[in-house]
Structures are given as C-alpha cells and as structure tokens.
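1. Below: sequence and its predicted model.
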Amino acid sequence: MTTVGFIGSGQIGSAIARLAIEAGHQVVLSNSRGPETLADTAAELGPWASAATSGEAAAAGDIVVVTVPVKAFLDLPAAPLAGKTVIDTCNYGPERDGHIPELDDTSLTSSELLLRYIPDTLLVKAFNNIFYKHLLSLARPAGAGDRSYLPIAGDSAPAKAAVTEFIESIGYSVVDAGPLADSWRQATGTPVWGTPYGPYSNEKGHSAGEDAIRAALATATR
Ligand SMILES: NC(=O)c1ccc[n+]([C@@H]2O[C@H](COP(=O)([O-])OP(=O)(O)OC[C@H]3O[C@@H](n4cnc5c(N)ncnc54)[C@H](OP(=O)(O)O)[C@@H]3O)[C@@H](O)[C@H]2O)c1
C-alpha cells in the first residue's frame, strides 16, 4: 500500500484519489480552504482516506500529487515536499492563471516552472492530459484488452518507476514521454491532450492504447 498525498483535491485530484482508494492505497487530501472542508469527501472515500493541511499531506505521502491551478504554485509547501516523488497534473491556462511570460513564450514547460517552486522534488508529469470523468470511467485491470495508456514525463528514472507502478495499480498503463523539458508534448492543446480518450461530451470516453498515445506525442508541435 502506498500513501498518496494530494495538494489540491478538486476534479482531477479527487478522481485520482478515488481510483487510489479502490486500488487499496491510502490517501491524504488537502486544499486551500482547510481539512474541515474535505471531511465529507474523505468520509465518502472510507477509512483509508483522511483530510489534512497541504503541508501535512506533503509530509505524509510516499507519492504526492500536486493538482492545483498553476497560479497556486507559489503557495506550495516546498519544505515537506523535499526529496519526494511528486506527480504534476497541472495545465497552464492564462484565462485562469493570468499570463506567465515563461509559459507564454514556451521557454519553460509548466512542469519546469513548478520545479522552480518545489526544487528538491522528483517531479513526474502525469494525468494532465485526461478529463477527470474519462479517468474514472476508463480505468481497467492489467491485461484488459481495452486498457488505456497515459504519458508520463520526468527526469528521475526511480521517480518514473514509482509513478508507473502507482498508475498501473489504479487501472492504466504508461508511455514514457521523455524528460520534463519534453513535457510540452502533452500540454494543453496538443494531440495527446484529451482527444485520444474521446470528447468531453461523452463522459464515458473511449480507450486509448499505446500506439495512439505514442502517435499523438510524436505529432505534437510547438
Ligand atoms: N479537471 C480536469 O479534468 C483536469 C484534468 C487534467 C488536469 N487538470 C489540471 O489539474 C489541475 C487541477 O485541476 P482541477 O480541475 O482538479 O481543479 P479544481 O477542481 O478547480 O481543483 C483545484 C484544487 O486545488 C486546490 N487549491 C487551489 N489553490 C491551492 C493552494 N494554494 N494550496 C492547496 N490547494 C489549492 C483547490 O482547493 P480549494 O477549492 O480549497 O481552493 C482545489 O482542491 C489544474 O492545473 C488543471 O488544469 C484538470
């Protein structure tokens, strides 16, 4: 059993938490408003879920999922995240996050920007390219013919291995999409972002196999 800390417990964070609980992991949820606002969600997820402050969730996690708006990066608890394997689900959207020059001019990926705020972490970009309802509906056991693939990007091989093991445990296989510097290939608006799993209007989505994900990554342009 892995303890997964969540900094952010909104749409995609709570979907990952739900799959993690179903797979037998422990989750510690947090948000910006305080643990009391997550009591109902934690109770619904059962005895292996709890709510905490973001610093406590960071300290508790074997793996920590950062799943917040990019504009919240400056509030993240860097000290308790030091040394941790961290999953970054985040997408940059200037309409929500305000304009960030390094992201607008593509000199940095949003994951490289995140790493500036939490520099001592082993960061892996994952889950940013799938709609949360599709994430919930497309999870399948290992070996299922219609199991879907998710791209992951990161600079640490051990962290990627740990994240791969976690993702495989919750119903997906992975495609290694390279280092964090290449994570633009799975950023907002790229071919692998959302589209392979079907339109948002179909909440069930459809499976996306390894070839589809590799082809989408390969055709990304900047
Ligand atoms: N929705 C999707 O299907 C989807 C899919 C893939 C990736 N993403 C990306 O993943 C990230 C999260 O998306 P979402 O849709 O889950 O957003 P959301 O539903 O708006 O949830 C955001 C979460 O972040 C928390 N948060 C905000 N500021 C925080 C801070 N300073 N410290 C701790 N927690 C903070 C919020 O807590 P409060 O509510 O208490 O403020 C909330 O729990 C975004 O970057 C998004 O682009 C979303």
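-> That came through fine. Numbers count the residues shown, from 1 in each chain.
2. CA only for contacts and neighbour counts going forward, please
-> Fine.
3. Mind checking what secondary structure residue 151 has?
-> strand (DSSP: H, G, I helix; E, B strand; the rest coil).
4. pLDDT score for it?
-> For residue 151, the pLDDT comes out at 98.
5. That one and residue 158: what is the separation?
-> For residue 151, the distance to residue 158 equals 16 Å [C-alpha to C-alpha, to the nearest Å].
6. Comparing those two, which shows the higher neighbour count?
-> Per other C-alpha atoms under 10 Å, whichever of residue 151 and residue 158 has more neighbours is residue 151, with 26 against 12.
7. For the more buried one, which residues count as its bridge partners?
-> residue 175 (DSSP bridges).
8. Kindly check the end-to-end length of stretch 173-181 for me.
-> 22 Å.
9. Only the buried residues of that stretch, if you could.
-> 173-175, 177, 179-181 (16 or more other C-alpha atoms under 10 Å).
10. which residues does residue 61 contact?
-> 2-6, 27-28 (C-alpha atoms under 8 Å, 6 or more residues apart in numbering).
11. Now rank the residues you listed by neighbours and give me the top one.
-> Neighbour max across these (other C-alpha under 10 Å) = residue 6, 34 neighbours.
12. Please report phi then psi for it.
-> The phi/psi pair for residue 6 (degrees, to the nearest 10) reads phi -120, psi 120.
13. That one is in contact with residue 56, isn't it?
-> No. Assessed by C-alpha atoms under 8 Å, residue 6 is found out of contact with residue 56, at 9.7 Å.
14. what do these two both touch?
-> By C-alpha under 8 Å, 6+ apart, no residue touches both residue 6 and residue 56.
15. burial measure for residue 216, as a count.
-> Neighbour tally, residue 216, other C-alpha under 10 Å: 18.
16. what secondary structure does it sit in?
-> helix.
17. ok, it - contacts?
-> 190-192, 196.
18. possible to save the residues you listed as a markdown table with secondary structure?
-> Listed next are the contacts of residue 216 as a markdown table, based on three-state DSSP:
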| residue | secondary structure |
| --- | --- |
| 190 | coil |
| 191 | coil |
| 192 | coil |
| 196 | helix |
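19. top of those by neighbour count?
-> residue 192 (27 neighbours).
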